[in-house]
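Student: structure for this input, please:
(one chain, ligands or ions: 1)
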Amino acid sequence: MLAIIGGTGLSQLQGFEQLEKVALKTPYARKLVRLTRVGSGDKEFIFLPRHGAGHKIPPHQINYRANIAALLELGVTEIVAVNAVGAIHGDLLPGSIAVPDQLIDYSYSRDVSFYDGKLKKVHHIDFTNPYSEAIRERILQAARRVNSRSQTRCEVMPSGVYACTQGPRLETAAEIRRLAKDGCDMVGMTGMPEASLARELEIDYASLALCVNWAAGLSEEAITLEGIHSVLEGGMQYVCAVIAEIVQHS
Ligand code: HPA
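Tutor: From the prediction side, this is the model:
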């Protein structure tokens, strides 16, 4: 079963059939995890908005363990995670998308593992390649198909390094210069520990990153929420078209 984890700008899926709302209790949270079974043609998938239904949960307070555990409970074996990012690499223009193949985690104070001392053995997952190559390829093929038939083509960066910062504040210009030196191409706040928790539970995971602004200090213009939201609106329509295409071919 495929799951889509929606990020900023994608708390609700437009253009799909909502089949059933599900609320699940997990050992990792007092609150229930709220997900939706969604239909697209003759296919079905699970949708989970990581910031909650009304986009109320900030990146550092998302219960990533509860979310991933709930997805496993529903039989999810593959995840496409949608992440809004700021662009660091010069080729990644706001409004374009990227499918990262590597990440560096700068976040802290998050519950990063299911192996939290209650289990007998510590488990060290292999995380050399943090994203599933098979799912990355499916996202890229879907984006190519959407591009080939619509007039509004979207630039796609087929690989890149995702930097996960703590948030919720945006970065300083010096922090972005450091990330660029480290080899990061894009910056977001929600990529980790989501990706490694999925790996711990052996769920295939990849990210569809929508670039919504130039990272701090890389543009003359200030980063504003209005600017981000105007890019998000158009970009999410494209992201939804890519998701429909992924689902159809799954
Ligand atoms: N930094 C961190 N996270 C983000 C950004 C950014 O510039 N844009 C969207 N998410």
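
Student: which single residue of this protein ends up nearest the ligand?
Tutor: Gly86 (2.3 Å; CB to the nearest ligand atom). Placement of C-beta: from N, CA and C, glycine included.

Student: residues contacting the nearest residue to that residue once chain neighbours are set aside?
Tutor: Nearest residue to Gly86, sequence neighbours excluded (CB to CB, 6 or more residues apart in numbering): Ala215, at 3.8 Å. If you count contacts by CB atoms under 8 Å, 6 or more residues apart in numbering, Ala215 has them with 86-88, 171, 176, 179, 186-187.

Student: next: Leu13.
Tutor: 4, 6, 36, 38, 47, 240, 243.

Student: and the furthest pair within the residues you listed?
Tutor: Thr36 and Cys240 (14.2 Å; CB to CB).

Student: thinking again about what came up before, give me the pLDDT for the residue nearest to Gly86.
Tutor: Predicted confidence (pLDDT) for Ala215: 98.

Student: now it: phi and psi?
Tutor: phi -60, psi 160 (degrees, to the nearest 10).

Student: check Leu103 too.
Tutor: Torsion angles, degrees, to the nearest 10, at Leu103: phi -150, psi 160.

Student: what segments of this structure are strands?
Tutor: Here the chain has its strands, by DSSP state E, at 2-6, 17-24, 33-40, 43-49, 78-87, 97-98, 102-105, 156-157, 161-164, 186-188, 204-214.

Student: check which residues of the lengthiest helix in the chain are buried.
Tutor: Secondary structure of the chain per DSSP state H: the longest helix is helix 225-248. Neighbour counts over helix 225-248 (16 or more other CB atoms under 10 Å) mark 227-228, 231-232, 235-236, 238-247 as buried.

Student: now do it and strand 43-49, the angle between them.
Tutor: 150 degrees (axes from the mean of the first three to the mean of the last three CA atoms, to 10 degrees).

Student: remind me what helix 225-248 packs against, helices and strands.
Tutor: strand 2-6, strand 33-40, strand 43-49, strand 78-87, strand 97-98, helix 133-149, strand 204-214 (3 or more CB pairs under 8 Å, 6 or more residues apart in numbering; DSSP states H and E).

Student: between those, which one is closest to Asp116.
Tutor: strand 33-40 (18.0 Å).

Student: of the contacts of Leu13, which is the most crowded?
Tutor: Greatest neighbour count in these, by other CB atoms under 10 Å, goes to Ile243: 28 neighbours.

Student: excluding covalently adjacent residues, which one is nearest to that one?
Tutor: Per CB to CB, 6+ apart, closest to Ile243 is Ile4, 5.7 Å.

Student: that neighbour contacts Val80, doesn't it?
Tutor: Yes: Ile4 is within contact range of Val80, at 5.3 Å (criterion: CB atoms under 8 Å).

Student: can you get me a residue count around Thr152?
Tutor: 11.

Student: let me see the contact set for it.
Tutor: 234, 238.

Student: what about 10 Å?
Tutor: 95, 146, 234, 237-238, 241 (CB atoms under 10 Å, 6 or more residues apart in numbering).

Student: mind listing what's buried along stretch 180-196?
Tutor: In stretch 180-196, counting by 16+ other CB under 10 Å, buried: 180, 184-196.

Student: let me see the mean pLDDT of that stretch.
Tutor: On average, stretch 180-196 scores 98.

Student: alpha carbons only: can I get it in PDB?
Tutor: Taking Å, rounded to 0.1, in the frame of the first residue of the first chain, the C-alpha atoms of stretch 180-196 are listed here in PDB:
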ATOM      1  CA  ALA A 180      26.100  25.300   0.700                       C
ATOM      2  CA  LYS A 181      29.700  24.500   1.700                       C
ATOM      3  CA  ASP A 182      28.500  21.200   3.100                       C
ATOM      4  CA  GLY A 183      27.100  20.300  -0.300                       C
ATOM      5  CA  CYS A 184      23.400  20.900   0.400                       C
ATOM      6  CA  ASP A 185      21.200  21.800  -2.600                       C
ATOM      7  CA  MET A 186      17.900  22.500  -0.800                       C
ATOM      8  CA  VAL A 187      16.700  23.100   2.800                       C
ATOM      9  CA  GLY A 188      13.600  22.100   4.600                       C
ATOM     10  CA  MET A 189      12.500  21.300   8.200                       C
ATOM     11  CA  THR A 190      10.500  18.000   7.900                       C
ATOM     12  CA  GLY A 191      12.700  15.500   6.100                       C
ATOM     13  CA  MET A 192      14.100  14.000   9.200                       C
ATOM     14  CA  PRO A 193      13.700  11.800  11.200                       C
ATOM     15  CA  GLU A 194      10.700  10.800   9.000                       C
ATOM     16  CA  ALA A 195      13.000   9.200   6.400                       C
ATOM     17  CA  SER A 196      15.100   7.200   8.900                       C
END
